[in-house]
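S.K.: Got a sequence here, can you build the structure:
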Amino acid sequence: MRMKNVFWFALLLFSAGAAAQTPVQIRIAYPSGMNGQIPVVMERTGIAKKHGLDAQFVFFQYGPPMMEALASGHIDAVVTSLMPVTTFLSRQPNAAVVVASLGRSSYSLMVPKNSTAKSVADLKDKRIAVSFNSDSHLDLLRLLKERNLDARKEIRLLNVQPNELVLALQDGFTDAIVIRQPQVLKMQQLGARVVHTWPFEFVSIMRAEYLTRNPDALRRYREALREAVHYTATNKEQASVWFGERLRIEPEVVRKVSEDDPNWRGVKTLRDVSIDLSPSVRKRMIDWFEASYEHGMIKGKVDTQGGRIFAN
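M.R.: Residues are numbered from 1 along each chain as shown. The predicted structure is shown next:
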């Protein structure tokens, strides 16, 4: 009888161990911004597989179609920024949760080299091209309000897709653009000047329904994100080559832009990497949600009280 109990106990332990090793299928999306470096590294190094994720990686040029894929259930996790998350949560409360804070890059208000503008005030009655309903759009609206400039009467805002902003400035279609890194650095090399710069914060979210079906996916995904950040910070040259291939830009540009991200500074061991949703990170996000509603970027408020926004 005792031997039978030992046998069943051993079988249970074996089954539990086998289940723990069973890969969890996950579809991870990322855009063309600098935040895309992390999932690219996860894929190219095999870090996702190491942490028990059978991952499929999907690249998008920009946020809206990526978030539509998340909403339709074709994507399980997204590496993105604050505005796509805000829009998604305002339209589909409790459909996704924020699971990680992934550092930041930047975007800038830029003018051509022959422009005399030195501040946003100098662009009164001028045209500014920006991708509507993006992070940069909201930050531009906030800056115009701070400078007492009417975004409807004193500035002409043009809705231009991210991959068309450079051409819009070069062809004289607009007097200024708001564009993100690494394109900012490339434009500077062509003579364009920066008038104003904002931080561009990165986060990752996951579908709530997916997490309900795959409860262990959150831990595995977070561990993979942390290790990918660590690899990127300690292997800058290789990471920049991979990401440069993805975006078709020079690796040197990627490395130079990455220096702006606090996640990469001072990282030597995995312990140095934090992707936690700290109280300060949560407050910044909640402030962003409120500003998005105030400036008409979203029609309904994000429920920051009753809804579950952040993963535990």
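
S.K.: Please name the residues that touch residue 224.
M.R.: 42, 47-48, 50-51, 53 (Cβ atoms under 8 Å, 6 or more residues apart in numbering). C-beta here means a position set from N, CA and C on the backbone, and glycine is covered the same way.

S.K.: should've said residue 147
M.R.: 119-121.

S.K.: Could I get the buried residue list for the helix or strand residue 257 falls within?
M.R.: Applying DSSP states H and E as the criterion places residue 257 in helix 251-258. The neighbour-count check on helix 251-258 (16 or more other Cβ atoms under 10 Å) flags 251, 253-255, 257-258 as buried.

S.K.: and what of stretch 88-106?
M.R.: Buried residues in stretch 88-106 (16+ other Cβ under 10 Å): 88-90, 93, 95-106.

S.K.: tell me the mean pLDDT over it?
M.R.: For stretch 88-106, the mean pLDDT works out to 92.

S.K.: start the count at 51, not 1, going forward
M.R.: New numbering, starting at 51: the last item is stretch 138-156.

S.K.: quick one: that stretch to chain centroid distance?
M.R.: Averaging C-alpha positions (Cα atoms, centre = their mean, to the nearest Å) puts stretch 138-156 9 Å from its chain's average.

S.K.: buried residues in stretch 345-355?
M.R.: For stretch 345-355, the buried set under the neighbour-count rule, 16+ other Cβ under 10 Å, comprises 345, 347-348, 352.

S.K.: if we can go back for a sec, out of the buried residues of stretch 138-156, list just those in strands.
M.R.: 146-156 (DSSP state E).

S.K.: Give me the secondary structure label for the residue nearest the centre of the chain.
M.R.: Centroid-nearest residue in the chain, with Cα atoms, centre = their mean: residue 130, separated by 2.4 Å. What DSSP: H, G, I helix; E, B strand; the rest coil gives for residue 130 is strand.

S.K.: which strands and helices sit next to the helix or strand in which residue 158 is found?
M.R.: Under the criterion of DSSP H and E, residue 158 resides in strand 146-161. Using 3 or more Cβ pairs under 8 Å, 6 or more residues apart in numbering; DSSP states H and E as the contact test, the elements touching strand 146-161 are helix 132-141, helix 185-196, strand 226-230, helix 233-239, strand 243-257, helix 258-263, helix 267-284.

S.K.: Now do residue 267 against residue 332, distance only.
M.R.: 22 Å (Cβ to Cβ, to the nearest Å).

S.K.: okay, the two: which has more neighbours?
M.R.: Legend: neighbour count by other Cβ atoms under 10 Å for residue 267 and residue 332, higher for residue 267 (20 against 15).

S.K.: quick one: the host helix or strand of residue 333 to helix 132-141, angle?
M.R.: Element membership of residue 333 [criterion: DSSP H and E] is helix 329-344. Angular relation of helix 329-344 and helix 132-141 on a 0 to 180 degree scale: 70 degrees, by axes from the mean of the first three to the mean of the last three Cα atoms, to 10 degrees.

S.K.: Averaged pLDDT, helix 329-344. What do you get?
M.R.: Helix 329-344 comes out at a mean pLDDT of 94.

S.K.: How about stretch 80-90?
M.R.: The model assigns stretch 80-90 a mean pLDDT of 86.

S.K.: Quick one: residues in contact with it.
M.R.: 78, 107-113, 116, 128-131, 152-153, 155, 212-213, 230-232, 250, 252, 275, 278-279, 282, 289-290, 292-293, 296-297, 304, 307-308, 311.
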